[in-house]
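**Student:** no sequence for this one, just the structure:
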């Protein structure tokens, strides 16, 4: 049996997924501004042989244009929140193997600046950085960066394609492999003839280059992507090396994974060029009854208001007021959160869910595995048979959820061969795929040597 990969799914904020749990007496996420909370968590994750710590992020508040954000602030619902990419530097120097994945939207940073920041982090971490590519679904985020309105859903993925092209040109093509010399005897630090401008001119960006950092261990960070819409799956099939999915059952996961792998083949890639990570929350008990008691205790802290606000679907997109409870989800018009709607509809295909169902449904959007270590391992084996390659482990409390995983579930998973017993050496991409660089089938690889050829021709 092949070992699953495990990421810790977190956010540099108070309340990421399990809204209300920050009130739990053991929850340290209420002190998320304290860097030591994250350093200790990273060390815990490395002790548990986690592949990566995966930071979600947003650059706006949930809700319609000009909407009220009283609930968001009261619940700590991703406000306040801090930039995860800055935090990664501290985690990089306090760990040796743990991958460091962070989310950054094409909306929030110019690709030249972003590519430089990612390369810097990859240098600091010795090749352990991953980028979760997102296009933003928030109206407030669009206005925070000067847009009149959120760009239409599919057009955001067109935008992302150019953004990626600029980044790939900088990471893969600007510097040749032997451009950095560090030759003290000749007084040559780097060879300008092997460092190239990219001279990108596109619909949104004009970038001359060259890339300022020298090639980092991975050059291009490991590429994550989420989103289950047709446009999102097509983008992941072209560009992602790992996709974060949130499906309600193994059969739905199998269908989504098969469709995406089919798309990847049609894009000239191999089916196994993408690894799929399913989101889960675990409740572990020494007996099933104990696990159920722990689940009930955790549920007692959950905030329905927080989940409704997070869904961005339970309020009018005009004024932010709650929608009538009988409103069908399929009738809600929104440019963001479509995967939420589809997930909720697939959860019970025999009826159309309503706004009145949202609080309960959204609070269980990510599948829970509740039971003994043996029962949870059984369930994970079934999900693996459906096609998942790994798990994004959603916490209830930090660091307790991950400490429980290490102490109680990891040994059972290792006994069955579902979890590794030691880290492989090298970069994050080498640990997961056996190589440091993008494979030759990836669209980013076509920029290797492209500007060197142009320079020679000139």
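**Tutor:** Cool, the structure landed. Since this is a predicted model, take the numbers as computed values, not measurements. Residues are numbered from 1 along each chain as shown.
**Student:** mind checking how far residue 191 is from residue 183?
**Tutor:** For residue 191, the distance to residue 183 equals 9 Å [Cβ to Cβ, to the nearest Å]. The way it works is simple: take the backbone N, C-alpha and C, and place the C-beta from them, glycine included.
**Student:** oh, I was asking about residue 249
**Tutor:** Residue 249 is 59 Å from residue 183, by Cβ to Cβ.
**Student:** ditto for residue 247
**Tutor:** 53 Å.
**Student:** neighbour count for these two, which is higher?
**Tutor:** residue 247 (26 against 11; other Cβ atoms under 10 Å).
**Student:** any idea which element that one lies in?
**Tutor:** Secondary structure assignment for residue 247, by DSSP states H and E: no helix or strand.
**Student:** not counting sequence-adjacent ones, nearest residue to it?
**Tutor:** residue 253 (4.2 Å; Cβ to Cβ, 6 or more residues apart in numbering).
**Student:** what residues does the strand or helix carrying the one you found touch?
**Tutor:** Following DSSP H and E, one finds residue 253 within helix 250-266. Residues from elsewhere that reach helix 250-266 (Cβ atoms under 8 Å, 6 or more residues apart in numbering): 228, 233-234, 236-238, 243, 245, 247, 270-271, 273-274, 276, 278, 346, 382-383, 385-388.
**Student:** now for whatever helix or strand comes next after that helix, which elements pack on it?
**Tutor:** The element immediately downstream of helix 250-266 (helix or strand, assigned by DSSP H and E) is strand 275-284. Under the contact criterion of 3 or more Cβ pairs under 8 Å, 6 or more residues apart in numbering; DSSP states H and E, strand 275-284 touches strand 5-11, strand 242-245, helix 250-266, helix 288-299, strand 368-371, helix 373-386, strand 390-394, helix 400-404.
**Student:** any idea of the mean pLDDT for the following helix or strand past the first one?
**Tutor:** On the C-terminal side of strand 5-11, the nearest following helix or strand under DSSP H and E is helix 35-47. Averaged over helix 35-47, pLDDT sits at 98.
**Student:** which strands and helices sit next to helix 35-47?
**Tutor:** strand 5-11, strand 52-56, helix 84-92, helix 400-404.
**Student:** tell me which of these is the most buried.
**Tutor:** strand 52-56 (a mean of 26; mean count of other Cβ atoms under 10 Å).
**Student:** can you tell me the strand partners of that one and which way each runs?
**Tutor:** strand 5-11 (parallel), strand 99-105 (parallel) (DSSP bridges).
**Student:** show residues contacting that strand.
**Tutor:** 7-12, 16, 41-42, 45, 84, 87-88, 91, 98-103, 128, 130, 132, 224, 244, 392, 428.
**Student:** let me know the helix or strand that residue 223 is in.
**Tutor:** Counting by DSSP H and E, residue 223 is found in strand 222-225.
**Student:** what does residue 72 give?
**Tutor:** Per DSSP H and E: helix 70-75 holds residue 72.
**Student:** tell me which residues in the helix holding residue 253 are buried?
**Tutor:** 250, 252, 253, 254, 256, 257, 260, 261, 263, 264 (16 or more other Cβ atoms under 10 Å).
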